[in-house]
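A.B. asks: Got a predicted structure here, sequence first:
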Amino acid sequence: MTESIKTAVALLENGENIIIGIKDDTKVPVKMNDIYYIESVDERTYAYTKNDCYALRGKLYELEETLDFRFFRCSKSMILNSRKIKNVRSGDNARMNATLLNDEVIVISRSYVKDLKKRLGL
């Protein structure tokens, strides 16, 4: 049983996984499916959805361990939801640019391009 199958079974049994985000000093449950990417900026961690940004508790590597198969590390400071990618194109210095469903462009660091190509079947 692969990690993807375990996650799918858990979703079917328990519903959508959530992360607790903080917005305006209020704790808000954020569905993992709604998260486009998670980024670490100035030693703080944020989750970005289509329209909002939520502060998260914990370090990026700690959150990475709790996320499911949809998420992958795309740079030293960012984890990306592969289900929110609209298209990808080659960038400078062996990097790639991923355009998300909300038309935001994310740079995939060259050390993570191989994982992205594998996930997308490229």
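C.D. replies: Here it is on my side, so go on. Residues are numbered from 1 along each chain as shown.

A.B. asks: Show me the helices in this protein, by range?
C.D. replies: 3-14, 60-66, 113-120 (DSSP state H).

A.B. asks: rank those helices by pLDDT, which is bottom?
C.D. replies: Among the helices of the chain, helix 3-14 carries the lowest mean pLDDT, a mean of 64.

A.B. asks: what is the residue nearest the centre of the chain paired to in the beta sheet?
C.D. replies: The centroid of the chain falls nearest to Leu80 when counting by C-alpha atoms, centre = their mean (2.9 Å). Taking DSSP bridges as the rule, Leu80 bridges to Tyr37, Phe72.

A.B. asks: so it sits right up against Phe72, yeah?
C.D. replies: Yes: with contact defined as C-beta atoms under 8 Å, Leu80 reaches Phe72; the gap is 6.2 Å. All C-beta atoms are positioned from the backbone trio N, CA, C, and that covers glycine.

A.B. asks: Pretty sure Lys84 sits against Tyr36.
C.D. replies: Yes: the criterion here is C-beta under 8 Å, and Lys84 meets it with Tyr36 at 4.6 Å.

A.B. asks: Now list whatever residues contact both of those two.
C.D. replies: Applying C-beta atoms under 8 Å, 6 or more residues apart in numbering, one finds that Lys84 and Tyr36 are jointly contacted by Leu100, Leu101, Asn102.

A.B. asks: Are any of those buried, and if so which?
C.D. replies: Among those, those buried by neighbour count (16 or more other C-beta atoms under 10 Å) are Leu100.

A.B. asks: For the shared contacts of Lys84 and Tyr36, please prepare TSV with the additional fields distance to Val88.
C.D. replies: Shown next, in TSV, are these (distance: C-beta to C-beta, whole Å):
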residue	distance to Val88
Leu100	10
Leu101	13
Asn102	15
